[in-house]
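Asker: Sequence first, then the predicted structure, then my questions.
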Amino acid sequence: MKSKFALPNVLLSIYTAVLCFIYYINGGIFLKAATSLGFLLIAILNAFFIFLSNNAGKKFSFLMLWGAISSFLGDIILNIDFIIGALIFALGHIFYFCAYCSVSNYKNKDFLILVFYLL
């Protein structure tokens, strides 16, 4: 089943890389949305693969997918209302952090050290 998802991943990655390059040169909200959509489609495809394969990483995949959805929405809304877009984008990164914590040997003291370091 893994090989069925390799080609779509490669194609979506190429699509996203090309649009990133075009957006870098030309700018524009449409290209930004199309590029962000590429990242979101990659996340959706891989989450779909995990759910179909009955793999143990469903929690990680679910959190990463919500992170990608939040990042996509935040990226688009940044152009409309910066504060709301930034908050939604930050929410996506909280989902990414939770996904990382779900697969690592994370301890509460690690988080406290990070907070202390950031202060």
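Answerer: Happy to help now that I have it.

Asker: centroid residue for the protein?
Answerer: For the chain, the residue sitting closest to the mean C-alpha position, by C-alpha atoms, centre = their mean, is residue 68 at 2.9 Å.

Asker: count of neighbours near the closest residue to that residue other than its chain neighbours?
Answerer: Excluding the flanking residues, the one nearest residue 68 by C-beta to C-beta, 6 or more residues apart in numbering is residue 43, at 3.5 Å. Any C-beta I mention is one placed from the backbone N, CA and C, and that applies to glycine too. Number of residues near residue 43 (other C-beta atoms under 10 Å) recorded here: 20.

Asker: Residue 74 too?
Answerer: Neighbours of residue 74 using other C-beta under 10 Å come to 20.

Asker: Low-confidence bits of the chain, can you list those?
Answerer: 1-3, 55-56, 114, 117-119 (pLDDT under 70).

Asker: wait, isn't residue 95 in contact with residue 72?
Answerer: No: between residue 95 and residue 72 there is no contact under C-beta atoms under 8 Å: 11.8 Å.

Asker: got a list of what residue 25 touches?
Answerer: Going by C-beta atoms under 8 Å, 6 or more residues apart in numbering, residue 25 touches no other residue.

Asker: measure it to residue 37 for me?
Answerer: Residue 25 sits 18 Å away from residue 37, going by C-beta to C-beta, to the nearest Å.

Asker: Kindly report the same for residue 71.
Answerer: 11 Å.

Asker: Which one's more surrounded, the two?
Answerer: Each of residue 71 and residue 37 has its neighbours counted (other C-beta under 10 Å); residue 71 has more, 22 against 18.

Asker: do you know how far that one is from residue 108?
Answerer: 26 Å.

Asker: picking up where we left off before, after whichever helix or strand the residue nearest to the centre of the chain is part of, which helix or strand is next?
Answerer: Assigned by DSSP states H and E, residue 68 belongs to helix 58-77. Beyond helix 58-77 on the C-terminal side, the first helix or strand identified by DSSP H and E is helix 82-103.

Asker: what's the neighbour count on residue 20?
Answerer: Neighbour tally, residue 20, other C-beta under 10 Å: 17.
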